[in-house]
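Engineer: coords please:
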Amino acid sequence: MLYAGDLGPAVPSGWISAIRALGDQLAVCVATDVDLTRRDFTDHLAHARSRGQVAAAVLPVALSRDLLS
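Structural biologist: Predicted structure coming up:
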């Protein structure tokens, strides 16, 4: 699932199921000057990574009961 922008206080639709599918982990990728709408997104992201414009991590997530209801 890709999301671009400010999350604000709400959890975007589909995030809980995506986190569950990844074994309660969230893959986070922060980038500058990356266009998520490009057809060659994977190559575009790889090129940005080679220029040091991308940081990524897989984070363990403990889901709040409020989010699960």
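Engineer: Surely residue 63 is in a helix?
Structural biologist: No: the secondary structure assignment for residue 63 gives coil rather than a helix, going by DSSP: H, G, I helix; E, B strand; the rest coil.
Engineer: how far away is it from residue 18?
Structural biologist: Plainly put, residue 63 is 12 Å away from residue 18 if you go by CB to CB, to the nearest Å. In this view, the C-beta of every residue, glycine as well, is placed from N, C-alpha and C.
Engineer: to the chain's geometric centre, what's the distance from the longest helix along the chain?
Structural biologist: Residue-count comparison of every helix in the chain, with assignments taken from DSSP state H, identifies helix 41-50 as the longest. In terms of CA atoms, centre = their mean, to the nearest Å, the centre of helix 41-50 is set 15 Å apart from its chain centre.
Engineer: Now the helix or strand just after that helix - C-alpha only, CSV.
Structural biologist: Towards the C-terminus, the helix or strand next in line after helix 41-50, according to DSSP states H and E, is strand 54-60. The C-alpha coordinates for strand 54-60 follow below in CSV (Å, rounded to 0.1, in the frame of the first residue of the first chain):
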residue,chain,number,x,y,z
VAL,A,54,15.4,7.5,0.2
ALA,A,55,15.4,6.0,3.7
ALA,A,56,13.5,2.8,4.4
ALA,A,57,12.9,0.6,7.4
VAL,A,58,10.6,-2.2,8.6
LEU,A,59,9.1,-1.4,12.0
PRO,A,60,7.3,-3.7,14.5
